[in-house]
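Participant: Compute the structure for the input listed below.
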Amino acid sequence: MVAFHYPPFSGGSGVHRTLKFSRYLPQYQWRPIMLTPHVRAYPQTSDHQVNEIPSDVLIKRAFALDTARHLSFRGKYLNVLALPDRWVTWMIGAIPLGLWLIRKYQPQAIWSTYPIATAHGIGLVLSKLTGLPWIADFRDSMTEENYPRDHSTREYYQWIERNTFAQSTKNIFTTPSTKKMYLDRYPWLKQESCLVIPNGYDEHDFQSLQSEEVHIFGNGRPVRLIHAGVVYPEERDPRPFFQALAKLKSENLISSNMLQIEFRGSGSEDLYATKLQELDITDIVYLLPSLPYRQSLQDCMAADGLLLLQGATCNHQIPAKAYEYLRIQKPILALTDVTGDTAALLNECGGATICDLHDEEDLYQGIRIFLGQIKSGHHPIPHRPTVNKFSRESQSEMLATCLHHLTDSQGG
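Facilitator: Numbers count the residues shown, from 1 in each chain. The predicted structure follows:
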């Protein structure tokens, strides 16, 4: 398993997919061998998930540097040293170490996950050199119509993408529309080589957490909404949402006594803080630091509702937190495109009020409806039996089935 994001990496939800696969695959007769970068390559680290790694999972960390931090001079570096990404040096250590691991342990398959693009570069080389079947996992699509924006990076990504699909035995996507997009883009791709294994939630993470069922508002008890995680200024632009809130406040339809919205670990805090001050809603919207993963889940469980943002440019993607929100069983205010995969998931599971992230009037009306249903206790919550199929254990079983079929077909 070739993965950049693995504990003690901290600062993104991508770490959960690989960690949970490594946790549950042994239940289905598969022993993971983790090939990850040296911890120096991680921009942020934390020990709070290290103890979730099963003791029998073999972890090998290869030489790797972060170009932006280790190969820059006065904050600048050559673009070629960051193609396809800032961790391209990981290939220098990972390929010889990966070959050694393959000779020593004789694994039956290679699995790599994007992002980071270098991970697929490593998987590509190892598969070519050893002939082992290779599963390429795409947590996100590698290229879109306008992504990556940098021309050199885009060309490099497209090269890796084409060669990945030419060499890989199986390709895994997290959403149906990403799978369809790639099948349309590469007509020679076989339908049976592509499958969808969504992201999900781990029931183990919710053990011992408490859900607070409080529906009495007023007298200083505002409705409390939480958004956990990064809010990208373009892909999840919250400014139309802020403007809708400002309009509601100016019409005395909301106040700090009625509504409190917390963005935990949003990033771009300076940009958003300026906008909140301009709109005079700093008493309603709070920009707060991120919390360790389990504490973040508990914080969400104590909220009255959960806030989700996903712009139309990311219609092929579903935020990983969406599955955790569904498991938390609280009303969801989803600001997203109604035609995207995020809206499709929420419509399937229920429990969400969906508004167009980019339409201020739709947001204005949707927020009013959502708050009214929250206060009256009439807002639905996600349908638990439907949500259950998105457990990490179920996703690991799907990956194990893929591995069994792959190795059986090759006489493994």
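Participant: Read off the pLDDT value for residue 313.
Facilitator: Note for residue 313: predicted pLDDT of 87.
Participant: what's the neighbour count on it?
Facilitator: 19 (other Cβ atoms under 10 Å). Every C-beta, even on glycine, is put in place using the N, C-alpha and C of the backbone.
Participant: Quick check: it touching residue 149?
Facilitator: No - with contact defined as Cβ atoms under 8 Å, residue 313 does not count as touching residue 149 (11.5 Å).
Participant: Tell me who's in contact with residue 266.
Facilitator: Neighbour list for residue 266: 227, 229, 230, 231, 238, 272, 287 [criterion: Cβ atoms under 8 Å, 6 or more residues apart in numbering].
Participant: try 7 Å
Facilitator: By Cβ atoms under 7 Å, 6 or more residues apart in numbering, the residues touching residue 266 are 230, 231, 272, 287.
Participant: Just give me the closest of the residues you listed to residue 246.
Facilitator: residue 272 (13.3 Å; Cβ to Cβ).
Participant: Now do the SS call for the closest one.
Facilitator: Following DSSP: H, G, I helix; E, B strand; the rest coil, residue 272 is assigned to helix.
Participant: Tell me how many other residues surround the closest residue to residue 45 other than its chain neighbours.
Facilitator: Of all residues not flanking residue 45 in the chain, residue 8 sits nearest, at 4.3 Å (Cβ to Cβ, 6 or more residues apart in numbering). Residue 8: 15 surrounding residues under other Cβ under 10 Å.
Participant: Verify the stated contact: residue 8 with residue 39.
Facilitator: Yes - taking contacts as Cβ atoms under 7 Å, residue 8 lies within contact range of residue 39: 6.1 Å.
Participant: anything in contact with each of these two?
Facilitator: residue 45.
Participant: Sketch out the low-pLDDT regions of the stretch 301-412 of the chain for me.
Facilitator: The stretch 301-412 of the chain contains residues with pLDDT under 70 at 411-412.
Participant: OK, contacts around the residue nearest to residue 45?
Facilitator: The contact partners of residue 8, by Cβ under 7 Å, 6+ apart, come to 39, 45, 46, 47, 50.
Participant: Of the residues you listed - the most surrounded one?
Facilitator: residue 46 (15 neighbours).
Participant: My read is that it contacts residue 10, right?
Facilitator: Yes - the pair residue 46 / residue 10 is scored as a contact, 3.7 Å apart, by Cβ under 7 Å.
Participant: Could you list the low-confidence segments of this protein?
Facilitator: The model of the chain has pLDDT under 70 over residues 212-220, 411-412.
Participant: Spell out for me which residue occupies the centre of it.
Facilitator: Nearest residue to the geometric centre of the chain (Cα atoms, centre = their mean): residue 320, 3.9 Å.
Participant: Next one: that one relative to residue 289, how far apart?
Facilitator: 20 Å (Cβ to Cβ, to the nearest Å).
Participant: which of the contacts of residue 266 tops the neighbour count?
Facilitator: That'd be residue 231 among these, by other Cβ under 10 Å, with 22 neighbours.
Participant: And that residue, how far from residue 335?
Facilitator: From residue 231 to residue 335 the distance is 10 Å (Cβ to Cβ).
Participant: shared neighbours of those two, which are they?
Facilitator: residue 309.
Participant: Residue 67: how many residues sit nearby?
Facilitator: Residue 67 is flanked by 20 other residues according to other Cβ under 10 Å.
Participant: shouldn't it be in contact with residue 81?
Facilitator: Yes - applying Cβ under 7 Å, one finds residue 67 in contact with residue 81, separated by 4.7 Å.
Participant: Run through the residues that contact the closest residue to the residue nearest to the centre of the chain other than its chain neighbours.
Facilitator: Among residues not flanking residue 320 along the chain, residue 13 sits closest, at 3.8 Å (Cβ to Cβ, 6+ apart). Taking Cβ under 7 Å, 6+ apart, we find residue 13 in contact with 229, 320, 321.
Participant: Which parts of the chain are helices?
Facilitator: Per DSSP state H, the chain has helices spanning 14-24, 67-70, 90-105, 117-130, 151-167, 176-185, 239-250, 269-279, 293-301, 321-328, 341-349, 360-376, 384-387, 392-409. These are given in chain order.
Participant: right, and these - which one's nearest residue 256?
Facilitator: Closest among those, using Cβ to Cβ: helix 239-250, at 8.9 Å.
Participant: how about the closest one: buried residues?
Facilitator: 239, 240, 241, 242, 243, 244, 245, 246, 247, 248, 249 (16 or more other Cβ atoms under 10 Å).
Participant: again with stretch 47-55
Facilitator: Of all the residues in stretch 47-55, those buried under the rule 16+ other Cβ under 10 Å are 49, 52, 53.
Participant: And stretch 22-35, by the same measure?
Facilitator: Under the neighbour-count rule (16+ other Cβ under 10 Å), stretch 22-35 has 22, 23, 24, 25, 30, 32, 33, 34, 35 buried.
Participant: quick one: which of the contacts of residue 266 is nearest to residue 359?
Facilitator: Of all those, residue 231 has the smallest distance to residue 359: 17.6 Å, by Cβ to Cβ.
Participant: quick one on the thing from earlier: rebuild the buried residues of helix 239-250 as CSV, extending it with distance to residue 18.
Facilitator: Listed next are the buried residues of helix 239-250 as CSV, based on distance: Cβ to Cβ, whole Å:
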residue, distance to residue 18
239, 33
240, 34
241, 32
242, 34
243, 38
244, 37
245, 37
246, 41
247, 43
248, 41
249, 43
